[in-house]
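> fold the following and give me the result.
(chains A and B)
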Amino acid sequence: MAYIENETSRKTTFRKRKGGIMKKALELSTLCDVPIAVFVQSEYNSVPEVFPPSRQAMGNMLVKWEKLSLVEKTKKMMNQEQFIQQRITKATESCKKVAKENKELAMKEVMYDCLRGDNAPCNLDEDELRDLGGVIDQYMKGLNRRIQVLMKDHASSSTSVVPDAAAAAAAAVAMPTAEMGSSSNVKDFDLNQTQSE
Amino acid sequence: MMKKSKGRQKTKMVKMDKENNLQVTFSKRKNGLFKKACELCTLCDAEIAVFVFSPSGKVYSFGHLDVETIINRFEGIENPPLNPQPNMQLDEIHRNSPIQDLNNDLTELMNQLELEQKKTEDLKNKRKNSKVPEIWLKDSIGGLDLGQAKEFKGKLENLKKQVRHEAFKMLEGRYPHPSFYVGSSSNALFGVDGGININPNMNLFDQRRMVNMNNFYNHNMALPNHPLPFGNYGHAEGFVPGYNYIPEPNPTGNQNPSSKEENEAGNEHHHDGHSPDPRSD
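Model (predicted):
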């Protein structure tokens, strides 16, 4: 993403991309039924190329613009630098988020490996140990909550045939919309769903 | 595998019906349009202005160089101008501007993001492909019954113990510490490696205990006549119960910034809020 030095390439790119922008502008205004105006000034044309192309439509747009107060105009106004900076900020956040999720995923694998016997804590370095501890704690929280719910169920059901009650509970939780009767339980199940990942 | 959604479909070029979708579409497409405009400015040194009204009436605009200038210039053109077009050559100056740096930064970040996302894909695939023999290894805790949950919990607790043990071993290796034991009068139980090894960074180290330790050493020597800083404890009482010392890792050395949000940096012993178990050796 840098200035195209080659004259021919630059001209071609300009033509194609400018066309694309105008097309996108049309789509946006149609799909969302909103007024939009675009102005493109290049070295290739002394007169700016604009959307909407019709003189009258553009006239209307300009009227709309001039009616706005300075505050309204500038509140959501951005130049190139600001726009790119905003994109950078968003990308940085996304990166951090995904990296963190990856770390968790990787640690879950390590945890499963340890439980299976394919790996052990003695093979891990300090950072990994710390992360593994964290993942275990997370699971533990979810598990404790789950156990709590099940124990409550256990206690409240009069004829408690353990496997059946548990199976029913398990089945109900597996579906996002719990079909069990008691409304208080539904809330707990939802918590479990969000906690377990 | 069941498809989660229809996939990419050609959008009808008519006003969208669902209110919610319309707002989302507006947001995304507006952003996309601005992005394209921004790129065109960089690639071809064009001057662009865009302004659009949102469904709720707010105005969003993007401009390079400046929205107002471009619009005014255009309005001026409506009444044909006598002055020539602005000199595009001057625009070469802003080619080497901070904009280029920003663009480079952005490109790098996007690449990084792509890498991480690919990593996620790989990790998820790996999980899918690895055989999961036992039922409680599946992700949703909500699918477990009581017996399974308890069993899982037990295994996790076990694993956690191992983790703690390893962590402690690591720290111990780094900060060898003297151990004190309730003794008979013999100081043979004094488990210190070649004299008192006092780590100057040990801020948990109790002054009082240090004095007691001195007294223990002095057991076979003449008791000092001068009062010790924290009082004389006498020789008989000079013992320190089996105390577990768990040193804080050197604060300047071992901070792991990435885990700062969740864990107290470097101190895995306080992970779950419990104080460390007394070390039993």
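
> so where's the stretch 51-200 of chain B shaky on pLDDT?
For the stretch 51-200 of chain B, applying pLDDT under 70 flags the ranges B:78-96, B:131-141, B:176-200.

> all strands of it, in order?
Ranges of strands in the stretch 51-200 of chain B, per DSSP state E, counting those that start in this stretch, are B:59-64.

> contact partners of stretch B:30-46?
Under the contact criterion C-beta atoms under 8 Å, 6 or more residues apart in numbering or on different chains, stretch B:30-46 has outside partners A:1-4, A:10, A:13-14, A:17-18, A:20-21, A:24-25, A:28, A:38, A:40-43, A:78, A:80, A:83-84, A:87, B:47-48, B:50, B:52, B:54, B:60, B:62, B:64, B:88, B:91-92, B:95, B:99-100, B:103. Every residue, glycine included, has its C-beta placed from N, CA and C.

> now that stretch: buried residues?
Across stretch B:30-46, burial judged by 16 or more other C-beta atoms under 10 Å in any protein chain shown covers B:30-31, B:33-34, B:36-46.

> can you tell me which two in these are farthest apart?
Put simply, by C-beta to C-beta the two of these set farthest apart are B:K30 and B:D45, 23.7 Å from each other.

> against which helices or strands is the helix or strand in which A:D127 is found packed?
Secondary structure from DSSP states H and E places A:D127 in helix A:126-156. Helices and strands touching helix A:126-156, by 3 or more C-beta pairs under 8 Å, 6 or more residues apart in numbering or on different chains; DSSP states H and E, are helix A:80-116, helix A:162-174, helix A:183-195, helix B:146-174.

> out of the ones you listed, nearest to A:R145?
A:R145 sits nearest to helix A:183-195 of all the helices and strands packed on helix A:126-156, at 6.1 Å, using C-beta to C-beta.

> let me know the average pLDDT across that closest one.
This predicted structure assigns helix A:183-195 an average pLDDT of 42.

> which residue ranges of the stretch 51-200 of chain B form helices?
For the stretch 51-200 of chain B, helices defined by DSSP state H, counting those that start in this stretch occupy the ranges B:67-78, B:98-129, B:146-174.

> how about the shortest one, does it reach chain A?
Yes: using C-beta under 8 Å from any C-beta of the partner chain, we find that helix B:67-78 touches chain A at B:V67, B:E68, B:I70, B:I71, B:R73, B:F74, B:E75, B:I77.

> now those: which count as buried?
Buried, going by 16+ other C-beta under 10 Å: B:V67, B:E68, B:I70, B:I71, B:R73, B:F74, out of the residues of helix B:67-78 next to chain A.

> with adjacent residues omitted, what lies nearest to the third one?
Same thing as B:I70. Nearest residue to B:I70, sequence neighbours excluded (C-beta to C-beta, 6 or more residues apart in numbering or on different chains): B:A49, at 3.9 Å.

> give me the pLDDT value at that neighbour.
Note on B:A49: pLDDT of 96.

> flag the shaky bits of chain A, pLDDT-wise.
Residue ranges of chain A with pLDDT under 70: A:157-197.

> how much space between the spatially most central residue of it and A:D131?
Computing the C-alpha centroid of chain A and ranking residues by C-alpha atoms, centre = their mean puts A:S94 first, at 8.1 Å. Applying C-beta to C-beta, to the nearest Å, the value for A:S94 to A:D131 is 21 Å.

> repeat for A:T13
As judged by C-beta to C-beta, A:T13 and A:D131 stand 46 Å apart.

> those two - which one has more neighbours?
Applying other C-beta atoms under 10 Å in any protein chain shown to A:T13 and A:D131 shows that A:D131 carries more neighbours, namely 23 against 16.

> so that one touches A:M107, yeah?
Yes: counting by C-beta atoms under 8 Å, A:M107 is a contact partner of A:D131 at 4.8 Å.

> can you classify A:Q41 by secondary structure?
Three-state assignment for A:Q41 (DSSP: H, G, I helix; E, B strand; the rest coil): strand.

> isn't it right up against A:F14?
No: using C-beta under 8 Å, A:Q41 is not in contact with A:F14; the gap is 11.3 Å.

> of these two, which one has the most company?
Neighbours were counted for A:Q41 and for A:F14 using other C-beta under 10 Å; A:Q41 has more, 24 against 21.

> from chain B, how far off is the more buried one?
4 Å (C-beta to the nearest C-beta, to the nearest Å).

> next, the residue nearest to B:I70: phi, psi?
Per-residue torsions, B:A49: phi -140, psi 140 (degrees, to the nearest 10).

> give me the number of neighbouring residues for it.
26.

> who does it form a beta bridge with?
Here B:A49 shows beta-bridge partners A:F39, B:G63, assigned using DSSP bridges.

> next, format the residues of helix B:67-78 next to chain A as a markdown table and append distance to A:D118.
Conversion of the residues of helix B:67-78 next to chain A to a markdown table gives the following (distance: C-beta to C-beta, whole Å):
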| residue | distance to A:D118 |
| --- | --- |
| B:V67 | 60 |
| B:E68 | 65 |
| B:I70 | 63 |
| B:I71 | 66 |
| B:R73 | 69 |
| B:F74 | 68 |
| B:E75 | 72 |
| B:I77 | 72 |
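
> the residue nearest to the centre of chain A - nearest residue in space that isn't next to it in sequence?
Nearest residue to A:S94, sequence neighbours excluded (C-beta to C-beta, 6+ apart): B:L113, at 5.6 Å.

> equivalent analysis for B:Q162, please.
Distances taken as C-beta to C-beta, 6+ apart place A:P121 nearest to B:Q162, at 4.6 Å, with adjacent residues excluded.

> do B:K126 as well
Spatial nearest neighbour of B:K126, chain neighbours left out: A:E109 (6.9 Å); criterion: C-beta to C-beta, 6+ apart.

> likewise for A:I36?
A:I36 sits nearest to B:V52 (C-beta to C-beta, 6+ apart), 4.1 Å away.

> that neighbour is in contact with A:E27, isn't it?
No: assessed by C-beta under 8 Å, B:V52 is found out of contact with A:E27, at 12.0 Å.

> which of these two has more neighbours?
Neighbours were counted for B:V52 and for A:E27 using other C-beta under 10 Å; B:V52 has more, 25 against 17.

> in stretch A:25-44, what's buried?
So, applying 16+ other C-beta under 10 Å, buried residues of stretch A:25-44: A:25-32, A:34, A:36-43.

> try stretch A:139-148
Residues of stretch A:139-148 classed as buried: A:Y139, A:M140, A:G142, A:L143, A:R145, A:R146, A:I147 (neighbour count, 16+ other C-beta under 10 Å).

> go on, stretch B:108-116?
Buried positions in stretch B:108-116, judged by neighbour count with 16+ other C-beta under 10 Å: B:L109, B:M110, B:Q112, B:L113, B:E116.

> next, the contact list for the last one, please.
Contacts here follow C-beta under 8 Å, 6+ apart; on that basis B:E116 touches A:C95, A:V98, A:A99, A:N102.
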